[in-house]
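> Pasting a predicted model and its sequence here:
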Amino acid sequence: MTHVHSTATRKFTSETRPFLICGEWRSTPVSQAIPCIDPATGNNIATVCGASRDDATAAIEAARRSFDERSWQDKTPAEKAKILWKVADLIEEHADVLAELEVLDGGKLFDAAKNGEVPMAAESFRYYAGWTTKLEGKTSRISSAGNAPFHCYTEYEPVGVVGMILPWNGPLVMAAWKLAPALAAGCSCVVKPAEQTCLSTLYLGELLMLAGVPAGVVNIVPGSGSVVGAAISESPLVDKISFTGSTATGKQLLEAAKGNLKKLTLELGGKSPAIVLADCDMDKTVEGVAAGIFSGAGQVCVAGSRLYVERPIYDEFVQKLVQHTNNIQVGEGFDEANEMGPLISETHLQSVLGFIQEAEKSGACVAAGGTRIKRDGFFMRPTVLVDVDDKMLIATEEVFGPVLVVQAFDDLEDVISRANASDYGLAASVWTSNVGKAHQIIRQIRAGISWVNCHGLPDMAMPFGGFKQSGWGREAGLEGLLQYCEMRSVLVNIAH
Ligand code: NAP
Ligand code: MG
């Protein structure tokens, strides 16, 4: 059945979208417009006003003022909680629009957006609403003053103005994962969505205003990384950057943040291994491993892109995996029958196909997919490569597409060392019916998040982030909140 977009979505996409500075929606000249492209058709579906460097500066100054005037940070924990909870309610009320925008602008599947990403965004605000009233320091007995009477305690403070630089692969969830803890901590924010996917972030901005977040506390400025992103990351008025994206850009941010030694949280790339033992439940594992790489068309930082299968089941497993992969229905996200959507852009599609061609030249063999789908938009077939060598680029670089490389292994020691032979350390999964073995393997894998008999499941209670060059810091959980806090120690001489 043809999906009919909601009236709100049609209205939202029919007008050029202004950006948000100090509670006002501002427009810029047409020359700065950013076209919003539907990856399923290649068509321009909306236009967003692009911010200039001056606009970015105005947004940063608005955030700074709101922080220094304490319009948000001085609200009581319960008042903050109420507003964050209200944001979550509004996200749920507007679930159809938000999901439609994720499909139209980011190439998501509607069902995944409506029942996965939108609830996850709402849950992020609700989860951190709960923490606002529980962010507690400690009292300590100290030794350095001998027996003199002292009362000593610690308390958390918001880190200050936070610049949030978002990727295109999960615009709504990434915005929620950063804004909810930052607001719960009492920070003021400047958000730069990726140019390809501004719409849901701007819509979320409207909901934040509606919920009662004071003017200037959240500012949203779409624009390019080299202009708006650079302005935010270099500004001495910004105390912290929270970034999700490529490891290469993460390293640039390090350089830009040097000036005032900004704090950085970096959620970067991955090349995550999935390790399948001979005693796994084969059919369920085939399905789970395929979902671990092909969900989101592989444009997911934790995608299980390196598959290691224990030798005795290798041939049968690959045969079943190839069959499963060939049956995945690819197409536009509003058709419920489709299981995989498009890639984000023509440039990105070409980059992914380039990796496959390069792998074939190096001796890898395409067992499934490997090609573009000839139709409008940026679609390709889910791809499985065999005869892969650990040293090939396809086995070491983050492709960020629906491309799985499969290799056999003979013993656990060998597979653990191969799984760890990567600059990345974001995620891993182990597939087995032997729980003891699963724990032993996971304990030796250098990854921030590991799954057993599943791959990719996020949860607000489970801190998320990378070892090695997959990043710094964690999102979600209490750890995610503390990334937006400073700690103050207070030593009071009570004999005075
Ligand atoms: P990217 O360059 O890292 O972009 C992520 C965000 O950083 C975007 O908002 C981008 O802005 C901004 N940015 C770029 N250069 C910047 C700079 N010098 N200063 C401040 N901000 C800057 O990633 P991409 O080019 O979109 O994708 C390239 C590759 O990155 C992908 O193929 C994939 O391998 C990886 N990636 C990983 C993740 C992840 O979740 N770990 C997410 C996205 C991409 P604009 O793009 O708007 O200019
Ligand atoms: Mg788009």
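That came in fine, so what should we check first? Numbering: from 1, shown residues only. Ligands and ions are numbered 1, 2, ... in the order given.
> ok and the residue in the stretch 351-496 of the chain nearest ligand 2?
Across the stretch 351-496 of the chain, the shortest distance to ligand 2 (C-beta to the ion) belongs to residue 378, at 10.3 Å. Every C-beta, even on glycine, is put in place using the N, C-alpha and C of the backbone.
> Quick one: name the residues of the chain near ligand 1.
Selection of the chain residues close to ligand 1 by C-beta under 6 Å from any ligand atom yields 165-169, 192, 194-195, 224-226, 229-230, 233, 244-246, 249, 252-253, 267-269, 301, 398, 400.
> could you flag which of these are buried?
165-169, 192, 194-195, 225, 229-230, 233, 244-245, 249, 252-253, 267-269, 301, 398, 400 (16 or more other C-beta atoms under 10 Å).
> Which ones among these map onto strands?
The strands, defined by DSSP state E, take in 165, 192, 244, 267 from these.
> Return the per-residue confidence for the third one.
At residue 244 the predicted local distance difference test score is 98.
> go on, residue 1?
pLDDT, residue 1: 60.
> Likewise for residue 55?
97.
> Contact partners for the closest residue to it other than its chain neighbours?
In space, and not counting its chain neighbours, residue 55 is closest to residue 221: 5.8 Å by C-beta to C-beta, 6 or more residues apart in numbering. Contacts of residue 221 were listed using C-beta atoms under 8 Å, 6 or more residues apart in numbering, and they are 19, 20, 21, 51, 55, 56, 59, 190, 191, 192, 228.
> Below-threshold pLDDT in this structure: ranges please.
Scanning the chain with the threshold set as pLDDT under 70 gives 1.
> mind checking how far the residue nearest the centre of it is from residue 409?
Centroid check for the chain by C-alpha atoms, centre = their mean gives residue 174 as the closest residue, at 4.6 Å. Noted for residue 174: a distance of 34 Å to residue 409, by C-beta to C-beta, to the nearest Å.
> Then residue 149?
Distance, residue 149 to residue 409, by C-beta to C-beta: 63 Å.
> Neighbour count: these two, which is higher?
residue 409 (19 against 10; other C-beta atoms under 10 Å).
> Could you pull up phi and psi at the more buried one?
phi -140, psi 160 (degrees, to the nearest 10).
> Excluding sequence neighbours, find me the nearest residue to it.
Nearest to residue 409 is residue 415, by C-beta to C-beta, 6+ apart, at 3.9 Å.
> give me the residue from the stretch 101-250 of the chain nearest ligand 2.
Using C-beta to the ion, the single residue of the stretch 101-250 of the chain nearest to ligand 2 is residue 105, 4.0 Å away.
> Quick one: residues contacting that residue.
36, 37, 38, 45, 46, 171, 196, 197, 198, 199, 200.
> Please, which helix or strand holds it?
Assessed by DSSP states H and E, residue 105 sits inside helix 95-106.
> can you check residue 48 too?
Assigned by DSSP H and E, residue 48 falls within strand 44-49.
> buried residues in that strand?
For strand 44-49, the neighbour count (16+ other C-beta under 10 Å) marks 45, 46, 47, 48, 49 as buried.
> list the helices and strands it packs on?
If you count contacts as 3 or more C-beta pairs under 8 Å, 6 or more residues apart in numbering; DSSP states H and E, strand 44-49 packs onto helix 7-14, strand 33-37, helix 95-106, helix 199-211.
> Show me the domain layout of this structure.
7-268+471-489, 273-459 (automatic domain parsing).
> I'd like the next helix or strand past the helix or strand where residue 290 lies.
Assigned by DSSP H and E, residue 290 belongs to helix 282-294. Next in sequence after helix 282-294, counting helices and strands by DSSP H and E, comes strand 306-310.
> That following strand pairs with which strands?
Here strand 306-310 is paired, per DSSP bridges, with strand 273-276 (parallel), strand 403-409 (parallel).
> what about stretch 479-494, how long is it end to end?
End-to-end distance for stretch 479-494: 33 Å, by C-alpha to C-alpha, to the nearest Å.
> what's in contact with it?
Contact with stretch 479-494 is made by 128, 131, 135, 137, 142, 145, 148-160, 162, 177, 181-182, 184-185, 187, 240, 242, 263, 265, 463-464, 473-475, as judged by C-beta under 8 Å, 6+ apart.
> what do you get if the cut-off is 7 Å, keeping everything else the same?
For stretch 479-494, contacts defined as C-beta atoms under 7 Å, 6 or more residues apart in numbering pick out 128, 131, 135, 142, 148-159, 162, 181-182, 184-185, 187, 265, 463, 473-474.
> Now do the buried residues in that stretch.
Here stretch 479-494 shows 480, 481, 482, 483, 484, 485 as buried, counting by 16+ other C-beta under 10 Å.
> Which member of those residues is positioned nearest residue 100?
residue 480 (28.0 Å; C-beta to C-beta).
> so how far is ligand 1 from that closest one?
From residue 480 across to ligand 1, the span is 15 Å (C-beta to the nearest ligand atom, to the nearest Å).
> Then residue 86?
Taking C-beta to the nearest ligand atom, one finds residue 86 at 27 Å from ligand 1.
> how about that residue, what does it touch?
Per C-beta under 7 Å, 6+ apart, neighbours of residue 86: 211, 212.
> distance of it from residue 178?
For residue 86, the distance to residue 178 - C-beta to C-beta - is 18 Å.
> cool, residue 313 as well?
Counting by C-beta to C-beta, the gap from residue 313 to residue 178 is 41 Å.
> Those two - which one has more neighbours?
residue 178 (28 against 18).
> Which element, helix or strand, includes that one?
Secondary structure assigned from DSSP H and E places residue 178 in helix 171-185.
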